[in-house]
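Asker: following is a predicted model, sequence given first.
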Amino acid sequence: ATVKHAKPRREDDGDRSAPTRFAYGTAGFRTTATALRSTCFRAGAFAAARAMAHGGKTTGMVVTASHNPASDNGVKLVEPSGGTLPMALEGVAEMLANAEDGDAETQVRALREAMATAAPADAASANASARVFVARDTRESGRALADATLAGVHAMGVEAVDRGIATTPQLHYYVYCANVGADDSERAYYDRLSAGYAALTERDEDEDEDDDHGATVVIDCADGVGGVKLSSLGEAVAPYGLAFDLRNRGDEPTSSLNDGVGSDFVQKGKTIPTRGGFENLPAGTRCVSIDGDADRLVYFQTTAAGGVDLVDGDQLAVLIACWMNARVKEAAPYLNDITVGVVQTAYANGASTEFLTRELGAAPACVPTGVKHLHHRAEEFDIGVYFESNGHGTALFSPSASKAIEDATVEALVARDMPAVKALLALTNAQRVINPSVGDAMSGILLVEAILRRTVKAPRLGSFYKDLPSRQTKVVVADRTKIQTFDAERRVAEPEGLQDAIDAIVRASNDARCRAFVRPSGTEDCVRVYVEASEETRVEETTRAIVRAVE
Ligand code: NG1
Ligand code: ZN
C-alpha cells in the first residue's frame, strides 16, 4: 500500500469535516493550498511576533511545499539568524495555526497584546524596526497565500516586505544579511556566490591553462523556482567558465512542478527525469536535479543504458567532507585541532557510513530525519558537513574555525609556505560559495563544481564507495503516530513487540550487512520502512516481512 499525496493530519480520522490539524512536521506546515489561507495569516503574525521578540529584527516566511505536488502549499518560518524555527517554538506555532477558524483576527490581537505586556518598555521601538520578509515559490496558489501572510504581519503592526518569488535558501539568506547589516538584495546573493566560485577555481600562474576546459552541467530545475533563479546565477558564473544547461524550467505548456522531474523523483526512483531530453544526453553527462524550492540537490551521470548513476546526498557529503579534510591536513602546521565531522540520518547508505568512518577516523553522527536536526548537530563540529540522502545539506564552519583559518593564512604567508596558503585560501573561498544560513541547491552546485575543477585528479562523482542495495517503502496504517522511535529513529519503542519482530526478521536474513528501521513520516500520512542488505533479493524479502509486521 502506498500514498501519493501529503495529507494534513486530522484530529479525528473518521470525521472528514473535523478541522484539519496542522503539525509543523519535518519541514513547516504543509497541506493542500486551499486549506492554508488562514494558517498563512497566522504564521505571518507569528513571524512578526518573532521579529518583535528579538527586539526589532527581520524574520522571514517562505510560502512553499518544496518537492510536494503543485496543488499543495506550505509555509516555512525563518529566524533572524537566517536559520529555521527553534524546535522549542514549534508547539507555539502549531497552537496558533490550529486555533478555531474565523477568529484569527482575535488571536492575532491577543498575540499582539501579549507581546506588548511581555516587554512593555521595548515594545514600541521593537515594533518600529521589526520586519518580516515574505517570499514564495512558483506555485499558482503562492500569490494569494503570500498576500494572506503579509496581511498577518500587518495585523501585528509590523512592516511586511514582499520579496516576491525566491528559493527557500535565498529568503533565508536575505533575512541573515538584513540582520548582520549586509546587502540583502538578490543581486548581492549572486555576486557573493559567483565571486566565491571564481576565487575557489582561480588558477595560479604556474598552472597549465590547457588543463582547464571549464565545465558544463545539465540541470533539471523540477519545473520550479530554480528555473528562473539558476538562469541569473548562470549569468553570474559564465565569465568564470561554468556553464549551466537548464532543463525543466517551468515555462512550457507541458511543465508540471515536481511531476516526473526534480530531485525527489530522481533520487527515489534512481531514474532520469521524464522531461527535459535527458534520454538524449551522451552517457556520462554530469547532471543535477533540484527540488521545487531549490533547497536540495542530487547529482547523477547518465548511463549508456538510459539510466542514472546516482550521486545522492550521502555521496555529496563524502565528496565535500573529504575535500575539506584534505585541505585541513595540508594546512596542518598552521591549523591545529580543526576537525571535519559529518552528520547523517538513519537513511544514509551503510557503505557511506563505513567509508566516512575510515576516511575521517570517526563515525559520522546520526540524528533524526529533518534538516533542523542535522544542522543543529553539524554546528557542534569545527567544520560540519551534513546531508540527508535525498540531497538536503551543506557545510558549516564554526566561528572559531573561520577565525583559525584566517589566522593560519597569515602565519603560512609569513612562512612563505605556499601549499599551506593555497589550502587555507581554498577553505576561505569555500565559505564564500556556501550560503551561510541554510543548505542551498544553487550554492551546493557551485561548491561541487568548484571541488571537481580544483581537484587535480578529479574524482569521478560517486566513485568513492559502492552503495549497498536498499529500498524505501511507504505503508499506510490507521494511525502512524502509534509508532514511536528512539536512537535517532533507528529503533521502535512502541508499539511493543514491533522492534523484536524487526530484529528477528533482520537476523533471519543471515546477512551481516542487513539493516532495517521503521518510522512515521513527518510530512506524509504513512510509515516509512527502510531496508538495506548486501543483495537485492535480501532487501526485497526483508522489506516484505517488515511491511507485514507493520501493517
Ligand atoms: P518525512 O516525511 O518525515 O520522512 C521527508 C524526507 C526528509 C525531509 C522531509 C522534508 C525522507 C525519507 N524523508 O520527511 O528527509 O526531506 O521530507 O521535506 O526522504
Ligand atoms: Zn525543498
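Answerer: Cool, got the structure. Ligands and ions are numbered 1, 2, ... in the order given.
Asker: which residues of the stretch 351-500 of the chain score low on pLDDT?
Answerer: Regions of the stretch 351-500 of the chain meeting the criterion pLDDT under 70 cover residues 456-459.
Asker: do the same with the chain
Answerer: In the chain, residues with pLDDT under 70: 1-21, 25-27, 33, 99-104, 114-126, 205-214, 456-459.
Asker: just the strands from the stretch 51-200 of the chain, written as ranges.
Answerer: Counting by DSSP state E, counting those that start in this stretch, the stretch 51-200 of the chain has strands at residues 58-63, 72-78, 131-136, 159-165.
Asker: let me know which of those is tucked in deepest.
Answerer: Each of the strands of the stretch 51-200 of the chain was scored by mean neighbour count; the highest is strand 58-63, a mean of 30, by mean count of other CB atoms under 10 Å. The way it works is simple: take the backbone N, C-alpha and C, and place the C-beta from them, glycine included.
Asker: sorry, back to before: any chance of the strands of the stretch 51-200 of the chain in CSV, with distance to ligand 1 too?
Answerer: Converted to CSV, the strands of the stretch 51-200 of the chain look like this (distance: least, CB to the nearest ligand atom, whole Å):
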stretch, distance to ligand 1
strand 58-63, 13
strand 72-78, 9
strand 131-136, 17
strand 159-165, 20
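Asker: save these as CSV, and put in distance to residue 150 too.
Answerer: What follows is the strands of the stretch 51-200 of the chain, written out as CSV (distance: least, CB to CB, whole Å):
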stretch, distance to residue 150
strand 58-63, 9
strand 72-78, 12
strand 131-136, 6
strand 159-165, 4
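Asker: tell me which helix or strand residue 216 sits in.
Answerer: strand 215-220 (DSSP states H and E).
Asker: buried residues, that strand. List them.
Answerer: 215, 217-220 (16 or more other CB atoms under 10 Å).
Asker: does anything pack onto the helix or strand just after it? Which helices or strands?
Answerer: Using DSSP H and E, the helix or strand that follows strand 215-220 towards the C-terminus is helix 226-237. Judged by 3 or more CB pairs under 8 Å, 6 or more residues apart in numbering; DSSP states H and E, helix 226-237 is in contact with helix 186-201, strand 242-247, helix 441-454.
Asker: let's see that with 6 Å instead.
Answerer: If you count contacts as 3 or more CB pairs under 6 Å, 6 or more residues apart in numbering; DSSP states H and E, helix 226-237 packs onto helix 186-201, strand 242-247.
Asker: between the buried residues of strand 215-220, which sits nearest ligand 2?
Answerer: residue 220 (14.1 Å; CB to the ion).
Asker: from what I can see the closest one touches residue 246, true?
Answerer: No: judged on CB atoms under 6 Å, residue 220 makes no contact with residue 246 at a distance of 8.7 Å.
Asker: quick check: closest non-adjacent residue to residue 224.
Answerer: Residue nearest to residue 224 in three dimensions, not counting chain neighbours: residue 292, with 4.0 Å by CB to CB, 6 or more residues apart in numbering.
Asker: could you pull up the residues touching that neighbour?
Answerer: By CB atoms under 6 Å, 6 or more residues apart in numbering, residue 292 lies in contact with 66-67, 137, 222, 224, 257-258.
Asker: out of the residues you listed, who's nearest ligand 1?
Answerer: Distance to ligand 1 across the contacts of residue 292 (CB to the nearest ligand atom) is lowest for residue 66, with 5.3 Å.
Asker: and the closest residue to ligand 2 within the chain, how far from residue 233?
Answerer: The chain approaches ligand 2 most closely through residue 66 (3.2 Å), counting by CB to the ion. Using CB to CB, to the nearest Å, residue 66 is found at 19 Å from residue 233.
Asker: circling back: each with direction, which strands does the strand holding residue 216 pair with?
Answerer: strand 242-247 (parallel), strand 286-290 (parallel) (DSSP bridges).
Asker: could you dump those strands into TSV with distance to ligand 2 and mean neighbour count added?
Answerer: Below are the strands paired with strand 215-220 laid out as TSV (distance: least, CB to the ion, whole Å; neighbours: other CB atoms under 10 Å):
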stretch	distance to ligand 2	mean neighbour count
strand 242-247	18	18
strand 286-290	8	27
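Asker: could you export those as JSON lines, including distance to ligand 1?
Answerer: Formatted as JSON lines, the strands paired with strand 215-220 follow (distance: least, CB to the nearest ligand atom, whole Å):
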{"stretch": "strand 242-247", "distance to ligand 1": "23"}
{"stretch": "strand 286-290", "distance to ligand 1": "13"}
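Asker: now the helix or strand containing residue 505: buried residues?
Answerer: Secondary structure assignment for residue 505, by DSSP H and E: helix 498-508. Using 16+ other CB under 10 Å as the test for burial, helix 498-508 gives 498-499, 501-502, 505-506.
Asker: rewinding a little: can you tell which of the helices and strands packed on helix 226-237 is closest to residue 385?
Answerer: helix 186-201 (16.2 Å; CB to CB).
Asker: for the helix holding residue 505, what is the distance to the chain centroid?
Answerer: Helix 498-508 sits 32 Å away from the centroid of its parent chain (CA atoms, centre = their mean, to the nearest Å).
Asker: from here on, call the first residue 12.
Answerer: Right, with 12 as the first residue, what we last looked at is helix 509-519.
Asker: who's in contact with that helix?
Answerer: 502-503, 525, 527, 553, 556-557, 560.
Asker: take those residues and keep only those in strands.
Answerer: 502-503, 527 (DSSP state E).
Asker: nearest to residue 262, of those residues?
Answerer: Nearest to residue 262 among the ones in strands among the contacts of helix 509-519, with distances taken as CB to CB, is residue 527, at 42.7 Å.
Asker: give me the nearest residue to that closest one, chain neighbours excluded.
Answerer: Nearest non-adjacent residue to residue 527, counting by CB to CB, 6+ apart: residue 542, 4.4 Å away.
Asker: and the host helix or strand of that neighbour, what's buried?
Answerer: Using DSSP H and E, residue 542 maps to strand 538-543. For strand 538-543, burial by neighbour count (16+ other CB under 10 Å) applies to 538-543.
Asker: restricting to those, which residues neighbour ligand 1?
Answerer: residue 539 (CB under 6 Å from any ligand atom).
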